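> all I have is the shape, not the residue letters:
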């Protein structure tokens with residue numbers, strides 16, 4: 001083989017190996033990203049089903065509230081409240 005051709009062929013082989021290695025790395029990344037995308041798509045589907053189920057539930061009755069506290073009926077109590085209101 002020609003002395004000028006041999007170094008050129010060697011450089012081509014080196015570059016082919018580099019490209020092959022890079023291509024394999026990219027394929028592995030693509031596979032990992034595709035798997036992650038499938039997981040996210042599945043989760044989105046689950047959330048959509050959850051939302052649909054939640055919206056289909058009948059409304060719940062409001063929780064009963066405690067009755068208001070019984071205030072003292074003594075006239076002094078109202079005088080105390082009035083004095084606080086005036087002070088503010």
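Thanks, I have it. Small disclaimer: the values here were computed from a predicted structure and weren't measured. Numbering: from 1, shown residues only.

> where does residue 3 land in three-state SS?
Under the three-state scheme (DSSP: H, G, I helix; E, B strand; the rest coil), residue 3 adopts coil.

> helices or strands up against the helix or strand of the chain with the lowest mean pLDDT?
The weakest-scoring helix or strand in the chain, judged by mean pLDDT, DSSP states H and E, is helix 75-87 (a mean of 86). Packing contacts for helix 75-87, counted by 3 or more CB pairs under 8 Å, 6 or more residues apart in numbering; DSSP states H and E, involve no helix or strand. (Each C-beta comes from the backbone N, C-alpha and C, glycine too.)

> low-scoring pLDDT stretches of the chain, where are they?
Low-confidence segments of the chain, defined by pLDDT under 70: 1.

> helices along that one, start to end?
Listed in chain order, the helices of the chain (DSSP state H) span 5-56, 75-87.

> closest to residue 65 out of these?
Of all the helices of the chain, it is helix 75-87 that lies closest to residue 65, at 22.8 Å by CB to CB.

> mind listing residues that contact that closest one?
If you take CB atoms under 8 Å, 6 or more residues apart in numbering as the criterion, helix 75-87 is touched by residue 71.

> quick one: stretch 40-47 to chain centroid distance?
The chain centroid and the centroid of stretch 40-47 are separated by 11 Å, computed with CA atoms, centre = their mean, to the nearest Å.

> returning to that earlier point: in a markdown table: the helices of the chain, plus mean neighbour count.
Shown next, in a markdown table, are those (neighbours: other CB atoms under 10 Å):
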| stretch | mean neighbour count |
| --- | --- |
| helix 5-56 | 10 |
| helix 75-87 | 9 |
